[in-house]
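Q: just coords:
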């Protein structure tokens, strides 16, 4: 027999093909993340598009004009928000960027403790404790500086993504059903079209519920940020709250950016930024370990503990991309298993149960005769 034989060669070629596909996926992970975010953005706008498609006065039952109307409304709202809020925010952001190096230096050398004593009337003991705390965490402060420089270097890429994601979402809104049908036909080349179509429907429903859950969490963050900033007399409470709600769609990095923006504005405007930072920390704990697991679990029909587990594992394995992919993937696997795994396992358990009862001396016919004898006895009883 020649070595390797045909079966071994097929196995090796299959393994090699999967390895090449995994390597290509890893190399293109950023592009895949960009397209995945565009798909999620299309899911976010799809309910509005479908509403306009069925209720538009001029272009009823036409999807293309409905997409155009949604994007025009989005651009007009963005322009109005930029006209009313952007000048002040840009001015505050410029001040923040100018004051950031001095603030970081004061954090690293402990001079901020003296400033806190002068501005808020702290005692000497409080000043010494803060200086000792900052001295013990000097390396952490320096790591914050490096992280800030890293985020600044990626700011241009993030802005580019913010432009590309809505543009790519247009194609998914217009041709999404056609693309899905092409993928279903390719995946059902073996003749299992109905099964593949049902799996695609389950994945579609899962993504819709996932986006709904993210929208609910973003709305909760918007309400909390706006209420907290109104309570503490922060400038631009609704604009910053809206920014925090939108950034809630970005795992991990989103809340960090919104918290940095809110606290930075508070520092520059001499607002109660310390209390705001405390409230932001409390809200983050509530959001990560109470609101998010329960909202995700309710919408995706998975246990809250499984949601926390999927988020932690996804962050460890793939970062932001892992968080985005693993939670809906777990929900989709559960939905598919609930439809097919349980339905296939249930008929197989019935013969085993009947076989066991027959071995014990019972049979369906015997049970029927037993029931009929018992009914006759009950009838004959006085």
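A: Here it is on my side, so go on. The structure displayed is predicted, hence computed values, not measured ones.
Q: What segments of the stretch 151-300 of the chain are helices?
A: Per DSSP state H, counting those that start in this stretch, the stretch 151-300 of the chain has helices spanning 155-187, 193-231, 237-247, 253-268, 273-286, 292-300. These are given in chain order.
Q: Does residue 212 touch residue 298 like I think?
A: No: using C-beta atoms under 8 Å, residue 212 is not in contact with residue 298, being 10.0 Å away. Backbone N, C-alpha and C define where each C-beta goes, glycine included.
Q: which residues do the two both contact?
A: Common contacts of residue 212 and residue 298, defined by C-beta atoms under 8 Å, 6 or more residues apart in numbering, are absent altogether.
Q: returning to that earlier point: I'd like the helices of the stretch 151-300 of the chain as JSON lines, with mean pLDDT, mean neighbour count and distance to residue 134 appended.
A: Shown next, in JSON lines, are the helices of the stretch 151-300 of the chain (pLDDT from 0 to 100; neighbours: other C-beta atoms under 10 Å; distance: least, C-beta to C-beta, whole Å):
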{"stretch": "helix 155-187", "mean pLDDT": "82", "mean neighbour count": "14", "distance to residue 134": "27"}
{"stretch": "helix 193-231", "mean pLDDT": "87", "mean neighbour count": "18", "distance to residue 134": "26"}
{"stretch": "helix 237-247", "mean pLDDT": "85", "mean neighbour count": "20", "distance to residue 134": "27"}
{"stretch": "helix 253-268", "mean pLDDT": "80", "mean neighbour count": "19", "distance to residue 134": "16"}
{"stretch": "helix 273-286", "mean pLDDT": "90", "mean neighbour count": "15", "distance to residue 134": "15"}
{"stretch": "helix 292-300", "mean pLDDT": "82", "mean neighbour count": "20", "distance to residue 134": "32"}
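Q: Turn those helices into CSV, columns for distance to residue 27.
A: Shown next, in CSV, are the helices of the stretch 151-300 of the chain (distance: least, C-beta to C-beta, whole Å):
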stretch, distance to residue 27
helix 155-187, 17
helix 193-231, 25
helix 237-247, 28
helix 253-268, 22
helix 273-286, 34
helix 292-300, 30
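Q: Next up, the contacts around residue 65.
A: 56, 58, 59.
Q: For the closest residue to the second one other than its chain neighbours, I want the exact helix or strand it lies within.
A: Just to be clear, that refers to residue 58. Excluding the flanking residues, the one nearest residue 58 by C-beta to C-beta, 6 or more residues apart in numbering is residue 65, at 7.3 Å. Here residue 65 is covered by helix 63-109, with elements defined by DSSP states H and E.
Q: How about residue 45?
A: Here residue 45, judged by DSSP H and E, is contained in helix 29-55.
Q: packing partners for that helix?
A: Packing partners of helix 29-55 (3 or more C-beta pairs under 8 Å, 6 or more residues apart in numbering; DSSP states H and E): helix 63-109, helix 155-187, helix 193-231, helix 304-336.
Q: Turn those into CSV, including distance to residue 259.
A: Output for these, formatted as CSV (distance: least, C-beta to C-beta, whole Å):
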stretch, distance to residue 259
helix 63-109, 13
helix 155-187, 16
helix 193-231, 9
helix 304-336, 17
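Q: For residue 250, find the nearest of those helices.
A: Of all the helices and strands packed on helix 29-55, helix 304-336 sits nearest to residue 250, with 7.0 Å by C-beta to C-beta.
Q: Tell me the buried residues in that closest one?
A: Of the residues in helix 304-336, 304, 306-311, 314-315, 318, 320-328, 330-332, 334-336 count as buried by neighbour count, 16 or more other C-beta atoms under 10 Å.
Q: list the helices and strands it packs on?
A: In terms of contacts (3+ C-beta pairs under 8 Å, 6+ apart), helix 304-336 is packed against helix 29-55, helix 193-231, helix 292-300.
Q: Which elements pack onto the longest one?
A: In other words, helix 193-231. helix 29-55, helix 155-187, helix 237-247, helix 253-268, helix 273-286, helix 292-300, helix 304-336.
Q: And the last one, by the same measure?
A: The helices and strands touching helix 292-300, judged by 3+ C-beta pairs under 8 Å, 6+ apart, are helix 193-231, helix 304-336.
Q: now for those, which one comes closest to residue 23?
A: Per C-beta to C-beta, nearest to residue 23 of those: helix 304-336, 15.3 Å.
Q: The closest one - what's its average pLDDT?
A: Averaged across helix 304-336, pLDDT comes to 74.
Q: so it versus helix 29-55, what angle?
A: Using axes from the mean of the first three to the mean of the last three C-alpha atoms, to 10 degrees, the inter-axis angle of helix 304-336 relative to helix 29-55 is 70 degrees.
Q: The helices and strands packed on helix 29-55: which one's closest to residue 26?
A: From the helices and strands packed on helix 29-55, taking C-beta to C-beta, the stretch that ends up closest is helix 304-336, at 9.8 Å.
Q: now the angle from the closest one to helix 292-300?
A: Helix 304-336 and helix 292-300 are oriented at 20 degrees to each other (the same axes, to 10 degrees).
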